[in-house]
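A.B. asks: Quick one: sequence plus predicted model below, questions after.
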Amino acid sequence: MTDKAKLYDVIRKPIITEKATMASENGAVVFEVAPEANKTIIKEAVETLFGVKVKAVNTTITKGKVKRFRGQLGKRKDVKKAYVTLEEGNTIDVTTGL
């Protein structure tokens with residue numbers, strides 16, 4: 001496994017929601033990340049993969065909801081999100097593929 005492949009395991013996918021779009025107006029990008037990833041690893045991964053300077057990283061864990069499917073109880077997975085604030089002049093366009 002290459003070093004770049006490990007970075008893609010840390011940064012799973014960008015999150016494109018209304019709240020994430022509002023955060024992008026302030027220079028932040030939202031990613032779904034691995035649950036075991038810490039802020040330092042997330043910062044290194046974003047800087048290496050996208051070639052930008054990261055100002056700050058804030059993380060949050062959203063607990064999975066309990067849902068019913070055909071009468072059976074199930075649980076959605078927990079999701080860890082990283083709000084990555086970029087330095088002035090740096091941008092990441094998440095609408096295009098990598």
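C.D. replies: Arrived safely. Numbers count the residues shown, from 1 in each chain.

A.B. asks: CA-only coordinates of the helix or strand of the chain with the lowest mean pLDDT in CSV, if you can.
C.D. replies: Within the chain, no helix or strand scores below helix 3-10, which has a mean of 82 by mean pLDDT, DSSP states H and E. The C-alpha trace of helix 3-10 is given here as CSV (Å, rounded to 0.1, in the frame of the first residue of the first chain):
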residue,chain,number,x,y,z
ASP,A,3,1.7,6.4,1.2
LYS,A,4,-0.9,8.2,-1.0
ALA,A,5,-3.3,5.3,-0.7
LYS,A,6,-3.2,5.6,3.1
LEU,A,7,-4.1,9.3,2.8
TYR,A,8,-7.1,8.4,0.7
ASP,A,9,-8.1,6.1,3.6
VAL,A,10,-8.1,9.0,6.0
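
A.B. asks: Do me a favour and average the pLDDT over the next helix or strand after that helix.
C.D. replies: Note on helix 3-10: by DSSP states H and E, the next helix or strand toward the C-terminus is strand 11-14. Computed over strand 11-14, the mean pLDDT rounds to 91.

A.B. asks: Same check on stretch 75-89?
C.D. replies: Mean pLDDT, stretch 75-89: 92.

A.B. asks: quick one: contacts of that stretch?
C.D. replies: Here stretch 75-89 makes contact (CB atoms under 8 Å, 6 or more residues apart in numbering) with 11, 15, 23, 26-35, 37, 39, 42-43, 46, 52-67, 92. The way it works is simple: take the backbone N, C-alpha and C, and place the C-beta from them, glycine included.

A.B. asks: related to what we said a few turns ago, the least confident helix or strand of the chain: how far from the chain's middle?
C.D. replies: Distance of helix 3-10 from its chain centroid, counting by CA atoms, centre = their mean, to the nearest Å, is 13 Å.

A.B. asks: Need phi/psi at the closest residue to residue 73 other than its chain neighbours.
C.D. replies: In space, and not counting its chain neighbours, residue 73 is closest to residue 66: 6.3 Å by CB to CB, 6 or more residues apart in numbering. Dihedral pair for residue 66: phi -90, psi 120, per degrees, to the nearest 10.
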